[in-house]
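Novice: when you get a sec, could you give me coordinates for this:
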Amino acid sequence: MKNWFVLVLGACLLLSCQRGASPTPQGAAVSPPDATFPAPRQNSERTWAGLLPCSDCQGIDTRLVLRSADGRRDYLITETYVGGAGKNSFNRAGTWTEVASAVDGSAVTTYILDPDRGGSQRFVLQPDGALELRDGDSRTAEQAIEYRLQRL
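Specialist: Next up, the predicted model:
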């Protein structure tokens, strides 16, 4: 009974959102909110880099590489702690996924590192091609710019 109610409520919301919307051109792809994209068929590699804030060092020099090859999605992230004591460079590798959602009426693409593990990192694609690291904390626009990696 509960699932039926949620299904009907979702259908009503979907129909009400489509009122007044311009029709989608024939052949155009439409992704529902919070849709996970299938792995791309083509091989690609995209790289971002930047200096992220650090509470006990001068910053974290970060380089993120997202790879798609033969239907697999892998990433490599290298983090170097600038001015920190001890070992200061770390590599981490794993899988990633891409999720589309709508925020304030705008389409948003989020890349999630290690989506099957707890504590996964989320990067939101910005209009300028940069990635913004997101977590549970809400940030002001001025703070958010500090958490960006620029596309190389």
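Novice: could you list the buried residues of the longest strand seen in the chain?
Specialist: When the chain is parsed with DSSP state E, its longest strand is strand 89-103. Neighbour counts over strand 89-103 (16 or more other C-beta atoms under 10 Å) mark 94, 95, 96, 97, 98, 99, 100 as buried. Every C-beta, even on glycine, is put in place using the N, C-alpha and C of the backbone.
Novice: kindly report the same for stretch 108-126.
Specialist: Within stretch 108-126, the residues scored as buried using 16+ other C-beta under 10 Å are 110, 111, 112, 113, 114, 115, 121, 122, 123, 124, 125, 126.
Novice: between the two ends of that stretch, what distance do you get?
Specialist: Stretch 108-126 has its terminal residues 8 Å apart, counting by C-alpha to C-alpha, to the nearest Å.
Novice: you'd agree residue 150 is up against residue 51?
Specialist: No - using C-beta atoms under 8 Å, residue 150 is not in contact with residue 51; the gap is 10.1 Å.
Novice: host element of residue 78?
Specialist: Using DSSP states H and E, residue 78 sits within strand 72-82.
Novice: so that strand versus strand 89-103, what angle?
Specialist: Interaxial angle of strand 72-82 relative to strand 89-103 (axes from the mean of the first three to the mean of the last three C-alpha atoms, to 10 degrees): 120 degrees.
Novice: which elements pack onto strand 72-82?
Specialist: Packing contacts for strand 72-82, counted by 3 or more C-beta pairs under 8 Å, 6 or more residues apart in numbering; DSSP states H and E, involve strand 59-69, strand 89-103.
Novice: any chance of those strands in a markdown table with distance to residue 46 and mean pLDDT as columns?
Specialist: What follows is the helices and strands packed on strand 72-82, written out as a markdown table (distance: least, C-beta to C-beta, whole Å; pLDDT from 0 to 100):
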| stretch | distance to residue 46 | mean pLDDT |
| --- | --- | --- |
| strand 59-69 | 5 | 96 |
| strand 89-103 | 11 | 92 |
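Novice: thanks a lot, see you next time.
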